[in-house]
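Enquirer: Dropping the sequence and predicted coords here.
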Amino acid sequence: MSRYHFHVLDGTALPDHQGMELGSIDIAKAEAVKMAGEVLRDSAARGIWALKTWKLVVNGGPLPDSSPTYFTLEVSARDERGAPQ
């Protein structure tokens, strides 16, 4: 099992100091999608239109830049009308 850390980068870094022990990279990818949905539902959805893009960076360390990145999930939004939300 490997430890995966899920860091949210949305203009500020929200590091995952604890991480999760998971059996494979595929399980970590599924967890990242689940976590992204939770973040959008619980908090980031209010500001997603202003942020344009936020990232969920997954690596093996307690800080976003403390070890090589395994993968990144990017979430973006664009108001096609150009009006602020």
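Expert: Okay, I see it. Residues are numbered from 1 along each chain as shown.

Enquirer: Spatially, and excluding backbone neighbours, which residue is closest to Tyr70.
Expert: The shortest distance from Tyr70 to any non-neighbouring residue, by CB to CB, 6 or more residues apart in numbering, is to Val58 (4.9 Å). All C-beta atoms are positioned from the backbone trio N, CA, C, and that covers glycine.

Enquirer: what's that neighbour in contact with, if anything?
Expert: When contacts are counted by CB atoms under 8 Å, 6 or more residues apart in numbering, Val58 touches Tyr4, His5, Phe6, His7, Ala28, Ala32, Thr69, Tyr70, Phe71, Thr72, Leu73.

Enquirer: which stretch of helix or strand covers it?
Expert: Under the criterion of DSSP states H and E, Val58 resides in strand 53-59.

Enquirer: Within the sheet, what are the partner strands of that strand, with directions?
Expert: strand 2-9 (antiparallel), strand 69-76 (antiparallel) (DSSP bridges).

Enquirer: contacts for the last one?
Expert: Pointing back at strand 69-76 there. 4, 25, 28-29, 32-33, 36, 40, 44, 48, 52-60.

Enquirer: what's the closest of the contacts of Val58 to Glu21?
Expert: Checking the contacts of Val58 against Glu21 with CB to CB, the nearest one is Tyr4 at 8.0 Å.

Enquirer: how close does the closest one get to Asp65?
Expert: Distance of Tyr4 to Asp65, computed by CB to CB, to the nearest Å: 16 Å.

Enquirer: Tell me which of the two has more neighbours.
Expert: Tyr4 (22 against 12; other CB atoms under 10 Å).

Enquirer: and the angle from the longest helix along the chain to strand 53-59?
Expert: With secondary structure taken from DSSP state H, the chain has its longest helix at helix 25-42. Interaxial angle of helix 25-42 relative to strand 53-59 (axes from the mean of the first three to the mean of the last three CA atoms, to 10 degrees): 150 degrees.

Enquirer: now helix 25-42: mean pLDDT?
Expert: Across helix 25-42, pLDDT averages out at 92.

Enquirer: What lies in contact with that helix?
Expert: 2, 4, 6, 8, 20, 22, 48, 56, 58, 70-71, 73, 75.
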